[in-house]
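**Q** No letters, just coordinates:
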C-alpha cells in the first residue's frame, strides 16, 4: 500500500513536471494564466478588494490574452501552500500571493515549479522565480497627517492599528511627522485590535478613541467600520486601502488607496514579453501604487496644502522620513540632511520622539 | 398543525444510514444550487467532490487536511457520548501547539532525536491541561463546561498571539509576528516523499483504532456508553459521573493538543498568530457526522476535509466564491440533523394525537 501510493505519487509528480515544461513551449496564442491568492473575502471593501480590482484591470487590459483566477479567504496557515500549489498545477504562469503570511508557502511552491513565476506582496524572501512587491503607504499617511494636523480641533488623533509590525509602525510615525509639520500640538492615541479585518473590534476601538476626545479617526485595519463610527459620531477620518466615501460621505477627508492595477498590468506584460525578473518593487505616490482618494469635507486651503504635499512627495521634494529624526529614547536615528533608507524603513520597530505611547513588545 | 411524534421503536440501521442519506441529499441540493448559479451541476459536483482527489497528490492533501479533524473528533466523540460537552477543542489545540512548539523554540538549534517525541508529549500535556480547567470547574463548582471550555479558547488564541508578537518573536523576522522556524529535529517526518503526509497522519489512524478498542472493549468505554444512554441507570450501578468528566476532558483535550502540535510541527513549521482555520469547531460536526464512533469519525473527517479542498478547486476552476465551502457544510449538517430527527420522530399533520403515541 505504502509503496503503491508512493509510486503513484512519483508518477504524478513526473507528470506535473512534464506539464510545467510543456507550458514553457505553449503556443503564443494560448491565454496567459494568472492566479491570485487573497487572505480576505473580495467583498471586504479594503485590502483584498483592491487586489481584486487590480486583477480586473488585468482582465480589462488584456482581454482574451489572459485568463485570471482567484482564491479568496485563504488562511495564513497550512492551507496556503496547497492553494498556491493547485494554482501552479492547474497551469497558471504567474501567481500573485497577496498577504504577508503566504511568504514561506510561496517560496516552497516556487521551488517545486521552477517554470511558474511567483510574486509575493509585502514579504522579504525572494527566489529565482519569486519576486516581491509592496507599496510605500507611509507616503500617503504623511499626506493624511498634514490634513489631520490642520483639521483637528481637539488636537487628538485616534488611531486604530492592526499589528505592531514595521508596516504599521512606519505608518504611525509618518502620519505624525506629517501632522507635526503643520501643527506641533497634535497628540495621538493608539488602539491595537490584533486583526486585519474585524469590523466589530475595529468599530469598538473607534468608539473608545472618540470617547477619549479624538476628533480625527485614522485606521490601519481593512474594514470601513472605524470610518463609519466616525460618520455616526460626527467626527472626521480617513479611508483605508480603498476609497470608502460611500460609507462615510460626511466624514471621509481622503483615503489611502492601494492601487495595484498598473503594477499587475506591467508584470503580466513583462511575462508576455519575456522580460520578467524576480526583483523587488516598492512603489509609492509617484508610481501611483499609493493613491490619494479625492480630498473632501475640508476647506479649500487645506485641500490645496494636501495636493501640494502629495505633489512634493511624488517629485521627491518631501521625504516623510527626512532627518533629523529621534526615537522615543532620544537617540538620533536619521541625521540632519539625510533620509531614512529602505532598510531602516522595512525594519522599523520604534516610535519617533513625541509619540506618547508604548509600542507593544 | 404539524407535530413531531416520537417513534416507539426506530430502526437501528437508519442511525447509520442517515449520514449516507444526508450526503446524497446534499449532493442533489448542491447540484440544484449550482444549476441556479448557471453552472453545469454535474461538472460542478465533479469539480467539488472528485477532482480534488483525482490524483495521488490530491489524496495526500486530503489526508493532511483530515488529520487534525479526525484526531480531535475521536476525543470529542468520547465526551459527547457521556454528555460531556467540550466545545473548546480549538483552545486545547492552540495550547498543545504552544507547549510542544515552545519546546522546539527553546531548543531551536537542537539536533536531538528526542526533541520530537518530547514535543508530542508536551503537546498532549498542554491540551490536557487546558481541558483540565473546565473539568475542575465542572466537578468542583458545577460550572457548565460548554461555556468554560469555549471561553478558554479565546484565552488560548490571545496567549498565542501575545507570544508570537512578543517573547517568542523571530529575532531575524523583521519584527513580523511569527516565531523562529522549528529546527529539523522538531519537524514531523514526511511519510511519503513529495507530499505533505506526515507522521501525524499515521498517528491519527492509530488514534482511531485505539479509540475504537477503548470504546468497545474497555470498562471505561462501557461506562461512557451507559452514562450517555441511561444516566439514571449508570448512577444506580455506581458509575462515578465526575470520573467521566475528568476522563473525557483530559482525553479530548490531550488529543486536541496533539492535533495542534501536528499542525505547527507539520505543514506550518513554526508558530504564528493563526495556526488553525477552526479545526476544533469543525471537529464537532465531524464527531456527530461520524455517529460518535471512531471509525465513523474517520470517514466523516475525510468527507469534511474534502469539502474544504473542493471549495478551493471550485474557486480555481469554476470561479465560484469561497462561501460555497461553508454552504456545503451547512447543507450537510442540516440534512444530517433532519434525518436524525425523522429517524426518531414521525411527522403528524393534523391536531388529533394518536392515542398511545406519546411515551
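**A** Yes, it's here. Everything quoted here is computed from the prediction, not taken from an experiment.

**Q** For residue 244, what is the enclosing helix or strand?
**A** Using chain A. In this structure, residue A:244 sits in neither a helix nor a strand according to DSSP states H and E.

**Q** could you do chain B instead?
**A** Applying DSSP H and E as the criterion places residue B:244 in helix B:241-263.

**Q** Is chain A within reach of the next helix or strand after that helix?
**A** Later in the chain than helix B:241-263, the nearest helix or strand by DSSP H and E is helix B:279-289. No: contact of helix B:279-289 with chain A (Cβ under 8 Å from any Cβ of the partner chain) is absent, the minimum separation being 9.7 Å. The way it works is simple: take the backbone N, C-alpha and C, and place the C-beta from them, glycine included.

**Q** helices or strands next to helix B:279-289 in the packing?
**A** Judged by 3 or more Cβ pairs under 8 Å, 6 or more residues apart in numbering or on different chains; DSSP states H and E, helix B:279-289 is in contact with helix B:56-81, helix B:89-106, helix B:241-263, helix B:294-318, helix B:323-344.

**Q** quick one, what contacts the closest residue to chain A within the stretch 201-350 of chain B?
**A** Closest to chain A within the stretch 201-350 of chain B is residue B:267: 3.6 Å, counting by Cβ to the nearest Cβ. Residue B:267 sits next to A:77-78, A:81, B:64, B:196, B:198 when contact means Cβ atoms under 8 Å, 6 or more residues apart in numbering or on different chains.

**Q** in chain A, what secondary structure element scores lowest on mean pLDDT?
**A** helix A:2-24 (a mean of 45; mean pLDDT, DSSP states H and E).

**Q** The worst-scoring helix or strand of chain B on mean pLDDT packs against which elements?
**A** Here the helix or strand of chain B ranked lowest by mean pLDDT, DSSP H and E is helix B:231-237, holding a mean of 76. The elements that helix B:231-237 packs onto, with contact taken as 3+ Cβ pairs under 8 Å, 6+ apart, are helix B:219-229, helix B:241-263.

**Q** Confidence-wise, which of those helices is weakest overall?
**A** Looking at the helices and strands packed on helix B:231-237, the lowest mean pLDDT belongs to helix B:219-229 (a mean of 84).

**Q** Please identify the residues of the stretch 201-350 of chain A in proximity to chain B?
**A** Along the stretch 201-350 of chain A, the residues adjacent to chain B under the rule Cβ under 8 Å from any Cβ are A:346-347, A:349.

**Q** With pLDDT as new columns, can the contacts of residue B:267 be given to me in JSON lines?
**A** Below are the contacts of residue B:267 laid out as JSON lines (pLDDT from 0 to 100):
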{"residue": "A:77", "pLDDT": "79"}
{"residue": "A:78", "pLDDT": "84"}
{"residue": "A:81", "pLDDT": "92"}
{"residue": "B:64", "pLDDT": "95"}
{"residue": "B:196", "pLDDT": "90"}
{"residue": "B:198", "pLDDT": "94"}
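
**Q** Pipe those residues into JSON lines and attach distance to residue A:299 and secondary structure per row.
**A** Below are the contacts of residue B:267 laid out as JSON lines (distance: Cβ to Cβ, whole Å; DSSP: H, G, I helix; E, B strand; the rest coil):
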{"residue": "A:77", "distance to residue A:299": "48", "secondary structure": "coil"}
{"residue": "A:78", "distance to residue A:299": "52", "secondary structure": "helix"}
{"residue": "A:81", "distance to residue A:299": "52", "secondary structure": "helix"}
{"residue": "B:64", "distance to residue A:299": "59", "secondary structure": "helix"}
{"residue": "B:196", "distance to residue A:299": "59", "secondary structure": "coil"}
{"residue": "B:198", "distance to residue A:299": "62", "secondary structure": "strand"}
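
**Q** just those residues now: which is nearest residue A:332?
**A** residue A:77 (41.0 Å; Cβ to Cβ).

**Q** Measure how buried the closest one is and give me the count.
**A** Each residue near residue A:77 was counted by other Cβ atoms under 10 Å in any protein chain shown, and the total is 20.

**Q** so where is the stretch 51-200 of chain A shaky, pLDDT-wise?
**A** The model of the stretch 51-200 of chain A has no residue with pLDDT under 70.

**Q** With mean neighbour count and distance to chain A added, can I get the helices and strands packed on helix B:279-289 in TSV?
**A** As requested, these are exported to TSV (neighbours: other Cβ atoms under 10 Å in any protein chain shown; distance: least, Cβ to the nearest Cβ, whole Å):
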stretch	mean neighbour count	distance to chain A
helix B:56-81	27	4
helix B:89-106	28	11
helix B:241-263	27	6
helix B:294-318	23	5
helix B:323-344	17	8
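
**Q** wait, which of these is closest to residue A:101?
**A** When the helices and strands packed on helix B:279-289 are compared by Cβ to Cβ, helix B:241-263 sits nearest residue A:101, at 14.2 Å.

**Q** which other helices and strands contact that closest one?
**A** helix B:56-81, helix B:89-106, helix B:115-141, helix B:145-165, helix B:199-217, helix B:219-229, helix B:231-237, helix B:279-289.

**Q** Now render those helices as JSON lines, adding distance to residue A:53.
**A** Below are the helices and strands packed on helix B:241-263 laid out as JSON lines (distance: least, Cβ to Cβ, whole Å):
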{"stretch": "helix B:56-81", "distance to residue A:53": "31"}
{"stretch": "helix B:89-106", "distance to residue A:53": "34"}
{"stretch": "helix B:115-141", "distance to residue A:53": "42"}
{"stretch": "helix B:145-165", "distance to residue A:53": "30"}
{"stretch": "helix B:199-217", "distance to residue A:53": "40"}
{"stretch": "helix B:219-229", "distance to residue A:53": "53"}
{"stretch": "helix B:231-237", "distance to residue A:53": "58"}
{"stretch": "helix B:279-289", "distance to residue A:53": "32"}
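
**Q** all strands for chain A, in order.
**A** Remark: strands assigned in chain A by DSSP state E are A:32-37, A:66-71, A:94-97, A:117-121, A:130-135, A:156-161, A:187-192, A:216-219, A:236-241, A:252-258, A:280-283, A:290-292, A:325-326, A:332-334.

**Q** most packed of those strands?
**A** Among these, strand A:216-219 has the highest mean neighbour count (mean count of other Cβ atoms under 10 Å in any protein chain shown), at a mean of 30.

**Q** Give me the sheet partners of it and which way each runs.
**A** Sheet partners assigned to strand A:216-219 using DSSP bridges are listed as strand A:156-161 (parallel), strand A:236-241 (parallel).
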